[in-house]
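In: Quick one, fold the following:
(3 chains)
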Amino acid sequence: MEQEPSTSENYKDPQLLNKWIEIQDSLKKRLITEDGFNWKLPPIKDQDFEETEENQDSYRGEILKYVGGVDLSFSKNDPSIACATLVVLDFTTLEVVHEDSSIVKLSIPYIPGFLAFREAPVLLELLEKMKKRELSSYPQVLMVDGFGLACHLAVLADLPTIGIGKNLHHVDGLTQPRVRQLLEANGNSCSDIITLIGDSGSTFGVAMRSTEGSMKPIFISVGHRISLATAIKIVKLCCKFRVPEPTRQADIRSKDCLRKFGIS
DNA sequence: GCGACAG
DNA sequence: ATCTTGTCGC
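Out: Numbering: from 1, shown residues only, chains lettered A, B, ... in the order given. You can find the predicted model right below:
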């Protein structure tokens, strides 16, 4: 039987969009924007670490070791064909210790504002597959492309996530020139980080120069069960290049996977 | 009216 | 996301 091609034209049904908005609202209510995990950053990497007696000897809890990254790459011929990849890196060495990919046909097109309905299901599958196998390298925190997707996936997977953006999410009065202006005003002085506060007063995340040479910032947003301050620390420590390694490796390997299967 | 709009 | 040339530098 012939299927209608999935284009955004098929998804103008206001009923469906309203349902999606309802789902997003209910997930938003479950979103936690404070640190909610049982691990700590390695002391030597933690800028704010204080050399107290308690820190030196009595901390026997978990240390952050496994940082995950996910990404999808698409066929240029058929935008509904994609490879989704989950990688896990050792936070100390930034070496990839786990990799899994899945070729999928996505039934939902990309609609700005609703990315998660297209990409979250396959990523959730990869996470659940890894969890079922009880692999010890299951990520303690996950980097996800896109502000909304990071939140959406995090709540569904009940996993701390950090949103990584290569471009600014234009929302609530946030504009490209405004961000550039603020970064330049910051100059060489203190940090290369500016907080992104919209017209409504809500904080959406930060723009950060992750590398000396990069004029173009990356955008870090709070996902779930992690504070913005902690997210920034982790991302900074993962940046060998402009894009943090977990996200970068997921991107590279998902493209490799498409090639491997001869998908163009 | 036109362009922009996470991926 | 993807299409796209060359160029500079390590």
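In: Can you give me the pLDDT of the residue positioned nearest the centre of chain A?
Out: Central residue of chain A (CA atoms, centre = their mean): residue A:144, 1.8 Å from the mean position. On the pLDDT scale, residue A:144 is placed at 97.
In: Check residue A:50 too.
Out: Here the pLDDT value assigned to residue A:50 is 68.
In: before we move on, back to that, so the residue nearest to the centre of chain A lies in a strand, does it not?
Out: Yes - assessed by DSSP: H, G, I helix; E, B strand; the rest coil, residue A:144 belongs to a strand.
In: Not including adjacent chain positions, what is the nearest residue to it?
Out: Spatial nearest neighbour of residue A:144, chain neighbours left out: residue A:150 (3.9 Å); criterion: CB to CB, 6 or more residues apart in numbering. In short, each C-beta sits where N, CA and C put it, glycine included.
In: where's the one you found relative to DNA strand B, distance?
Out: Applying CB to the nearest atom of the strand, to the nearest Å, the value for residue A:150 to DNA strand B is 7 Å.
In: So for the helix or strand hosting that residue, mean pLDDT?
Out: Assigned by DSSP states H and E, residue A:150 belongs to helix A:147-157. For helix A:147-157, mean pLDDT rounds to 95.
In: helices and strands around whatever helix or strand comes next after it, which ones?
Out: Per DSSP H and E, the first helix or strand lying C-terminal to helix A:147-157 is strand A:161-165. Applying 3 or more CB pairs under 8 Å, 6 or more residues apart in numbering; DSSP states H and E, one finds that strand A:161-165 makes contact with strand A:141-145, helix A:147-157, strand A:218-224, helix A:228-237.
In: ok so, going back, residues touching the residue nearest to residue A:144, list them.
Out: By CB atoms under 8 Å, 6 or more residues apart in numbering, the contact list for residue A:150 reads A:144, A:161, A:162, A:163, A:164, A:221, A:223, A:224.
In: Enumerate every residue touching the closest residue to DNA strand B within chain A.
Out: Here the residue of chain A nearest DNA strand B is residue A:148; by CB to the nearest atom of the strand that distance is 2.0 Å. Neighbour list for residue A:148: A:24, A:113, A:114, A:115, A:116, A:163, A:169 [criterion: CB under 8 Å, 6+ apart].
In: quick one: the strands in chain A?
Out: Ranges of strands in chain A, per DSSP state E, are A:39-40, A:62-63, A:66-74, A:81-90, A:96-105, A:141-145, A:161-165, A:193-197, A:203-208, A:218-224.
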